[in-house]
Structures are given as structure tokens and as C-alpha cells.
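> need a structure here:
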Amino acid sequence: MLIRENPRRPYDKNYDYMTCVPRVIQIAILNFNPESSSDKTVVGEKGESSSRVISTSGRENTTFVLAANAAGKRAPPLIIFKAKNIWDQWRAPPEKEYPGTAYAASPNGWMETEIFTNYFEKVLIPALGPERPVLVIYDGHSTHVSLKLVELALAKEITIIKLPAHTSDLLQPLDVSVFKSFKQKWDQTVASWQRQNIGQRLPKSLFSQFLGETWLIVSEDVIMSGFSKSGIYPFNSDVIPKGNFSKESLERWEKHQKETQDTAQDNIAFVEDVEYAEHNVNAPSPSILSSSGFEEVTPITTNLENQPDFTSPPLDAKEKLTSEVQNLTVTSLE
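Residues are numbered from 1 along each chain as shown. A predicted model of the protein is given here:
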């Protein structure tokens, strides 16, 4: 059951989702180079998202897709290798693999629309469980949107919120808290292996294993803190300091918010007036004889033929009012 916690937002459907912790999900993407653990951020073109990249040489890229909910629970991850096909030997050993890990291949090791849609359908949805509706949040990169995905989400009672470009460091829960912890643990793991295997290249199977192990040891508290710090859950529209916004954009937004709230309050007042009228429209009008200051008298018959003409609205006139008102183990996504 969804519980409304803020009466000031009576018609904000997305706000309702924020009161159901397990049903608020975020998908995030990490891009790796298996040969290094150094970190940098690549800023996308205008209208595209930024990507956090763990790489240096650029000769090979691997994408790691994570998903978690506001309760700190994780969905199986997806690993995308730079290749035409996926080979079994690239998988982590079954006993050391993160349960349900999915694998895919793309020409450059980056996310593609078909891969993302397949992950959404074959991995994420089964991991969500039967409870509905669900809110899924991710960045607005063009590869994350397709007609098939939107139709699938509608059919499964899933609402998708695309975050604005270049806001991941503020609004993406996993970027806010998880990526820093993830990178630290990843660096420690890779550095330890490199000290014992000087001059060797990290095998893809170990790469897959280390990714899964690193994701597994990120604590639920760290995941939940990301949702809190980004204002996703508990919902807090004021969590981002106003100094982070452009003055002009903030003024436009505040004006829009005021107009929206005024309209919502008008709608509430209208509904309350209608409900009151519907409740009282059939109530009999009180007799003036029962009012204070009047004595009840015996009515007499009066001949009105010779009385002056006058008009008066009937006491029982009525005005008619209307109102409106799990996890699924997938070894390859092809």
C-alpha cells in the first residue's frame, strides 16, 4: 500500500512511489578498463550523460551495470565486454560469481539500446518481485530509451524517471555514495592481484569475479545513504543546495512550483466545497420559528387574492454541483 506523507503534493503521482522503499530502484553504469584502476570522469556532449570511467590506456573498455533499491538490496549486475560474442571462459567461476550475473558484448564495450532493453526485461524485472507499482530511475542517455522498453515498462506497471544530463554526481544515489566505496574496494583488490602477478594482464574471468565480489561487499547502509543524500528516499526536494543551480533557472522553477501549488490548493478547495454541498444539499432548511428570539404560533389560513404581488426564491431551491475527480540467472543477453 502506498501512503501519502506530504499533503502539499496531492496530485504528484511520482511522490507516492517515494513512500515504498523496496520499489524505488536506481540503475547506474560504470565503465572499466581491465588493465588499470585509475579513475576519471568523461563529460558527454550537450544533452548526453556523463560517465564515470575507470581506465587509462583506452585499448579496451568494459561496462558494469548495477541496480539497487532504496532499502539497500541489489539486483544481479550486467557485464558488457568489447567483443562480437561472449565466451564461456570470460565468466567468473560459478562458485565465485555474483548470483545471476548477466553478460553481453558490444563492438566498443559500451552500452547499447538493445543490450539495455534486454537487461531491463530479462534481469531487472524478474528481480523486482511481484509488488507494483515500481519506480526506476536512471540517467537520460539515449541508449537507455526505446519504444520497446517504454511499452514493457507500461505493461509491467513500472514508471521510469530519466535524470537530467550532467547531474549524476548530485541525483544518482549509486553515484553519490556507492561509486566511491566501490572504487576503493576495487583498487584494493586489483592492486593485491597485481602485486602477486607482476607484468600479467588480468584475465576476463577474474575481472568478472572481482567485479561481482566488489559489488557484493558494498554495504546496504552505503547504498541507502546514496538514496538519502540525493533526496530520492526519504524524498527531499530541497536536498540540493540552491547555490548549485543557475539563478535564472532557479527563479523559473520556483515560479512554476508556486503556480502548481496554487492550482493544487484551488483543486483541493473545490473538491472540499463540492463534497460539503453534496452532503448538505438535501438537508431541510431550518424553520425560523425554531430560531432564538421567536415564539411558535398557530398558523392561520390567509387569503392571498388581495395581497400585493411579490417574488421570492423557494426555500428548498437546490444548486446542482459536479466535481472531477528473484533473481533470474541470465548468462548472456543477445
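> How is the residue nearest to I27 when sequence neighbours are not counted assigned, secondary-structure-wise?
Nearest residue to I27, sequence neighbours excluded (Cβ to Cβ, 6 or more residues apart in numbering): Y138, at 4.1 Å. For glycine as for every other residue, the C-beta is placed from the backbone atoms N, C-alpha and C. Three-state assignment for Y138 (DSSP: H, G, I helix; E, B strand; the rest coil): strand.
> For A28, see how far away Y138 is.
7 Å (Cβ to Cβ, to the nearest Å).
> what's the answer for I240, then?
18 Å.
> Tell me which of those two has more neighbours.
Using other Cβ atoms under 10 Å as the criterion, I240 and A28 rank with A28 on top: 23 against 15.
> what does the helix or strand containing I160 rub up against?
Following DSSP states H and E, one finds I160 within strand 158-163. Residues outside strand 158-163 that contact it (Cβ atoms under 8 Å, 6 or more residues apart in numbering) are 13-14, 17, 125, 128, 132-140, 144-145, 149-150, 152-153, 171-172.
> among those residues, which ones are buried?
Neighbour counting by 16 or more other Cβ atoms under 10 Å classes 17, 125, 128, 134-140, 144, 149, 153, 171-172 among the contacts of strand 158-163 as buried.
> what's the neighbour count on A191?
The burial count for A191: 10, using other Cβ under 10 Å.
> Can I take it that it is in a helix?
Yes - the assignment for A191 is a helix, going by three-state DSSP.
> now, which of the buried ones among the contacts of strand 158-163 sits nearest K185?
Closest to K185 out of these is Q172 (18.8 Å), distances taken as Cβ to Cβ.
> Grab the nearest non-local neighbour of that closest one.
A28 (5.8 Å).
> Would you mind measuring from the one you found to H144?
Counting by Cβ to Cβ - A28 and H144 are separated by 11 Å.
> what's the overlap in contacts for the two?
With Cβ under 8 Å, 6+ apart, A28 and H144 have common neighbours Y138.
> Would you mark the buried spots in the strand holding I160?
I158, T159, I160, L163.
> and those, which two are the farthest apart?
Largest separation among those by Cβ to Cβ: I158 and L163, giving 16.0 Å.
> re earlier: can you name the residues bridging to the residue nearest to I27?
K162 (DSSP bridges).
> isn't the residue nearest to Q172 right next to F179, touching?
Yes - contact criterion Cβ atoms under 8 Å: A28 and F179 qualify, at 7.5 Å.
> still on that earlier bit, can you list the buried residues of strand 158-163 in a markdown table and add distance to K204?
As requested, the buried residues of strand 158-163 are exported to a markdown table (distance: Cβ to Cβ, whole Å):
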| residue | distance to K204 |
| --- | --- |
| I158 | 32 |
| T159 | 36 |
| I160 | 32 |
| L163 | 31 |
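> need the contact list for the residue nearest to I27.
Counting by Cβ under 8 Å, 6+ apart, Y138 has contacts Q26, I27, A28, H144, I160, K162, L163, Q172.
> beta partners for the third one?
In this case it means A28. Applying DSSP bridges, one finds that A28 bridges with L66.
> The nearest residue to S181 once chain neighbours are set aside: helix or strand, and which one exactly?
Nearest non-adjacent residue to S181, counting by Cβ to Cβ, 6+ apart: V222, 5.1 Å away. Secondary structure assignment for V222, by DSSP H and E: helix 220-229.
> Which positions within that helix qualify as buried?
Quick answer for helix 220-229 (16+ other Cβ under 10 Å): V222, I223, M224, S225, G226, F227, S228, K229.
> That one - contacts with which helices or strands?
Secondary-structure packing of helix 220-229 (3 or more Cβ pairs under 8 Å, 6 or more residues apart in numbering; DSSP states H and E): strand 24-32, helix 173.
> wait, which of those is closest to P234?
strand 24-32 (10.3 Å).
> between that closest one and helix 220-229, how big is the angle?
110 degrees (axes from the mean of the first three to the mean of the last three Cα atoms, to 10 degrees).
> Which strands or helices does strand 24-32 pack on?
So strand 24-32, by 3+ Cβ pairs under 8 Å, 6+ apart, packs with strand 51-54, strand 62-69, strand 134-139, helix 179-196, helix 220-229.
> Make TSV from those and add mean pLDDT and distance to S246 to it.
Below are these laid out as TSV (pLDDT from 0 to 100; distance: least, Cβ to Cβ, whole Å):
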stretch	mean pLDDT	distance to S246
strand 51-54	42	23
strand 62-69	93	31
strand 134-139	90	20
helix 179-196	89	26
helix 220-229	92	22
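> Now render those as TSV, adding distance to E213.
Below are the helices and strands packed on strand 24-32 laid out as TSV (distance: least, Cβ to Cβ, whole Å):
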stretch	distance to E213
strand 51-54	16
strand 62-69	12
strand 134-139	24
helix 179-196	7
helix 220-229	16
